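Enquirer: next comes the sequence, and after it the predicted model I'd like to discuss.
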Protein chains: 2
Amino acid sequence: MADVARLAGVSSQTVSRVSNGYAGVTEETRRQVLAAMKELGYRPNSAARALKRGEFRTIGVITFTLSTTGNVRTLEAIATSAAGEGYAVTLLPVAVPTQDEVRGAFSRLEELAVDAVIVIMEVHLLDAATIKLPPHVQVVVVDSDAGDHYTVVDTDQAGGSRAAVRHLLDLGHETVWHLGGPEDSFAAQRRADAWRATLAGAGRPVPPLSRGDWSAESGYRAGLELAAREDCTAVFAANDQMALGLLRALHERGRRVPEDVSVIGFDDIPEAGSFLPPLTTVHQDFAEVGRLCVDAVLRKMRQDGPERGTTLVPTRLVTRASTAPPPARSTAGPEEPAG
Amino acid sequence: MADVARLAGVSSQTVSRVSNGYAGVTEETRRQVLAAMKELGYRPNSAARALKRGEFRTIGVITFTLSTTGNVRTLEAIATSAAGEGYAVTLLPVAVPTQDEVRGAFSRLEELAVDAVIVIMEVHLLDAATIKLPPHVQVVVVDSDAGDHYTVVDTDQAGGSRAAVRHLLDLGHETVWHLGGPEDSFAAQRRADAWRATLAGAGRPVPPLSRGDWSAESGYRAGLELAAREDCTAVFAANDQMALGLLRALHERGRRVPEDVSVIGFDDIPEAGSFLPPLTTVHQDFAEVGRLCVDAVLRKMRQDGPERGTTLVPTRLVTRASTAPPPARSTAGPEEPAG
DNA sequence: CCATCGAATGTTTACGTAAACATAACAGCA
DNA sequence: TGCTGTTATGTTTACGTAAACATTCGATGG
């Protein structure tokens, strides 16, 4: 900076003013400084800036895994939004989802150059950890129900599940089975709760709950059991991957989709439209989730946002070929041959 | 730091020594300092450290999109490896893959606090851009053939393609069709080149090349045309998503997989084993790619690595149900009914 | 018993920037 | 003409750390 100042014949402070776009610099002077900067290839030193300003213009993102579509898409949206606001994004992978590991990530974070943190994980792993965060680092949480304690941005899980179940009931199914996610996932829990509540609200029986671990393989295993139940004509899977495994299990057991069994997923991953058959599913707007996370975290840093509470991003049901009315059976209704 | 020093009754320099684990501090003194740090909740200021040390302990990763499995898995492995080495990872999304955008990303990078950059993209977009990089920032490139100009880490695309094509030929197919990736992708180009070379090396005819854009939807469109060709009994798709679309097209056109047509993919995404039928594919070790990237970039920073050249990560053929011998036809072979 | 040496610790300084304050130059007005 | 206010620019200082150098003190050896 001193070199630039010397070459331009001004003080280093004037260089700083030009560099930061402050007013009060003659157009003439500005031009000279800019020319000098260019000639010397001057780049402001971000460490010195951060030291002086007391902020890093960086947002940290903590997440367990990038193997779920949702996390990845959210992260991508966060990175894009943050870049648009002049913020960088630093990634903090947590190898194993245990409280110890999370605590470790947060303590690494303490030494890290971030002004705020966005956490993409379940709160119950988070609880014991956050205490140690530096005082001025703001937190926003995704994928959890911690609205009372943190600022939370999430997809409207309940609304999506409700739409999925209603769609199947509207098609004429007596009830809807659910292939849920792992027990310790709040997203899974909320999807299951909404499924149960919607059935109960419609006065329908609530079939036993199957569980997978989000993977297609687990959906396949659970699907083999569901396929054996003759009375199962409609399944709502808690994500598209498990729905994929379910489709394979049904196919192997000779149950046609959607003629014999309707299947509906959750997420609307890019491949969902290419499944056999193309999957009806609940579309999540991850881009919006990411955008809102950055919004929220920046507003908190400027201290003009709500401290706590949950922002829900609406979902949209995407109807494809995997859902249809139930097969005509021994019910009281009239039997019609398939068109 | 001064507060800690005061509380511990030592100088700030001694605090610094403890903080950085230098020798030459009495065990007694160290304990006092550590106690003081804990009591005051002291955390070293990374901006000041970076300013003083002249390095940020941060690696920047530039990529276009996180919507391809490969990029995501590579990124995840990079983040994990980097964390293990005490480095943070900063994400630099590039919205549109144009040279202008890339140049923009690199110029943002210049002001960014990174010591090195890993670029996950095609070189031809990179060429005009890198010139402006700060002098001491090292670069490692993934997914490209720029070994002459940069340090490159990549999957052994050619080896994987060769294995895929040979597998199909060994099963008895006369030749293998290829559903390639977009024209401007080097990965796609190398997979197609190896496919062509392997066929030529075996003295087989080289069918016309179909192209997609990596998406399942594009695989479906290309698949509809391939399905119409009676003489097409084996297809090597350049990635699993396109293979998925291809499977759907074949199914819709009444061509059974693998009885009528064998299909093989590339990547081995987690869902590949749950396709209908489960997909034979070329497994890529993205974790290893990411690890090697970090290795290479750190070695370059320590100036004891090779400046240029390509490191190839081997692939592995995963055989599942989507490949089988060709249907018995008007060839000289004996006709057998399906078991 | 004193010079010498090494280990432990303290003091000074600089990293590059930008806020705060200081100064200079000039216009407007009585 | 001299005073005031405004604008452009210069000077000083501090951000938190760690390298370089300085000092202290006890131990060792002649």
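Expert: Looks like it came in fine.
Enquirer: spell out which residues of chain A are next to DNA strand C.
Expert: Residues of chain A lying close to DNA strand C by CB under 7 Å from any atom of the strand are A:1-2, A:12-13, A:16, A:19-20, A:43-45, A:48-49, A:51-53. C-beta here means a position set from N, CA and C on the backbone, and glycine is covered the same way.
Enquirer: and those residues, which two are furthest apart?
Expert: In the residues of chain A next to DNA strand C, the most distant members under the criterion CB to CB are A:2 and A:53, with 19.5 Å between them.
Enquirer: which one's more surrounded, the two?
Expert: Under the criterion of other CB atoms under 10 Å in any protein chain shown, the comparison of residue A:2 against residue A:53 puts residue A:53 first, with 12 against 9.
Enquirer: excluding chain neighbours, what is closest to residue A:312?
Expert: residue A:156 (4.3 Å; CB to CB, 6 or more residues apart in numbering or on different chains).
Enquirer: state the distance from that neighbour to DNA strand D.
Expert: Residue A:156 is 42 Å from DNA strand D, where distance means CB to the nearest atom of the strand, to the nearest Å.
Enquirer: just to revisit the earlier point, contacts with chain B among the residues of chain A next to DNA strand C, please.
Expert: A:43, A:44, A:45, A:48, A:51 (CB under 8 Å from any CB of the partner chain).
Enquirer: so which of these comes closest to residue B:72?
Expert: For those, the nearest to residue B:72 is residue A:43 (30.5 Å; CB to CB).
Enquirer: can you tell me the closest non-neighbouring residue to the closest one?
Expert: residue B:110 (5.1 Å).
Enquirer: residue contacts, the residue of the stretch 101-250 of chain A found nearest chain B?
Expert: Closest approach between the stretch 101-250 of chain A and chain B, counting by CB to the nearest CB: residue A:216, at 3.6 Å. Residues in contact with residue A:216 (CB atoms under 8 Å, 6 or more residues apart in numbering or on different chains) are A:241, A:242, A:244, A:245, A:248, B:270, B:271, B:273, B:274.
Enquirer: so which of these sit within helices?
Expert: A:241, A:242, A:244, A:245, A:248 (DSSP state H).
Enquirer: tell me the contacts of the second one?
Expert: Counting by CB under 8 Å, 6+ apart, residue A:242 touches A:179, A:181, A:212, A:214, A:215, A:216, A:218, A:219, A:222, A:265.
Enquirer: returning to that earlier point: using a markdown table, lay out the ones next to chain B among the residues of chain A next to DNA strand C together with secondary structure.
Expert: Output for those, formatted as a markdown table (DSSP: H, G, I helix; E, B strand; the rest coil):
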| residue | secondary structure |
| --- | --- |
| A:43 | coil |
| A:44 | coil |
| A:45 | coil |
| A:48 | helix |
| A:51 | helix |
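Enquirer: and of these, the nearest to residue A:64?
Expert: Of those, the one sitting nearest to residue A:64 (CB to CB) turns out to be residue A:51, at 32.3 Å.
Enquirer: give me the neighbour count for the residue nearest to the closest one when sequence neighbours are not counted.
Expert: Excluding the flanking residues, the one nearest residue A:51 by CB to CB, 6+ apart is residue B:47, at 4.1 Å. Look at residue B:47: counted by other CB under 10 Å, it has 22 neighbours.
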